[in-house]
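# Let me see the structure of the following:
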Amino acid sequence: MKSFHLARATAAALIGVAVMGMSAHAEIKNYEFQLVQPTVKAGADRIVAVRLVDKTSGKAVPDAVIFSTRLDMAPDGMQEMATKVTPMPGTEPGTYRFKATFGMAGRWQLSLGAKVQGETGAVENKLVVTAEQ
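Residues are numbered from 1 along each chain as shown. The predicted structure follows:
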């Protein structure tokens, strides 16, 4: 009987430690992408940089895995006007860069999906970049 109570107490302690360890991580909703520059020049091979930020600390989050990118003109009602997005090397930790062709001036929507290491779920944001002449 004594060993049963000891086993239950040990199990409860391990569950408590696991819950405390999980609460040390931020929730996935506490992460967001932010544009480094909200405007680019219209044309080919333009670079768009974004920063992945932990909103609770304000710190940039390095080493996320970007698994989804799309760039289209949905904000101007032309979601069928999409262009290829090519990942580029970042220049500083927590900053992610992409090369794309902005075929015309207007508002372009950059849709991103990423996994943050150690977190469950995915960060998904839609950012509006304005291409100027």
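# Leaving aside the residues adjacent along the chain, what's closest to Arg97?
Met88 (4.1 Å; Cβ to Cβ, 6 or more residues apart in numbering). C-betas here are computed from N, CA, C, even on glycine.
# so that neighbour makes contact with Ile47?
Yes - with contact defined as Cβ atoms under 8 Å, Met88 and Ile47 form a contacting pair (6.5 Å).
# between those two, what contacts are shared?
Contact with both Met88 and Ile47 is made by residues Arg97, Phe98, Lys99, according to Cβ atoms under 8 Å, 6 or more residues apart in numbering.
# Save those residues as CSV, and put in pLDDT too.
Shown next, in CSV, are the shared contacts of Met88 and Ile47 (pLDDT from 0 to 100):
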residue, pLDDT
Arg97, 98
Phe98, 98
Lys99, 98
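# Drop anything exposed from the residues you listed.
Neighbour-count burial (16 or more other Cβ atoms under 10 Å) is assigned, among the shared contacts of Met88 and Ile47, to Phe98.
# okay, the strand ranked longest in the chain in CSV with CA atoms only?
Longest strand in the chain, counting residues (DSSP state E): strand 43-54. Once non-C-alpha atoms are left out, strand 43-54 reads as follows in CSV (Å, rounded to 0.1, in the frame of the first residue of the first chain):
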residue,chain,number,x,y,z
GLY,A,43,10.0,45.6,-60.5
ALA,A,44,12.0,42.3,-60.7
ASP,A,45,14.1,40.8,-58.0
ARG,A,46,13.0,43.0,-55.1
ILE,A,47,13.8,41.9,-51.5
VAL,A,48,11.2,41.9,-48.8
ALA,A,49,12.5,41.4,-45.2
VAL,A,50,10.3,40.3,-42.3
ARG,A,51,11.2,39.8,-38.6
LEU,A,52,9.6,37.0,-36.5
VAL,A,53,8.9,38.4,-33.1
ASP,A,54,7.9,37.0,-29.7
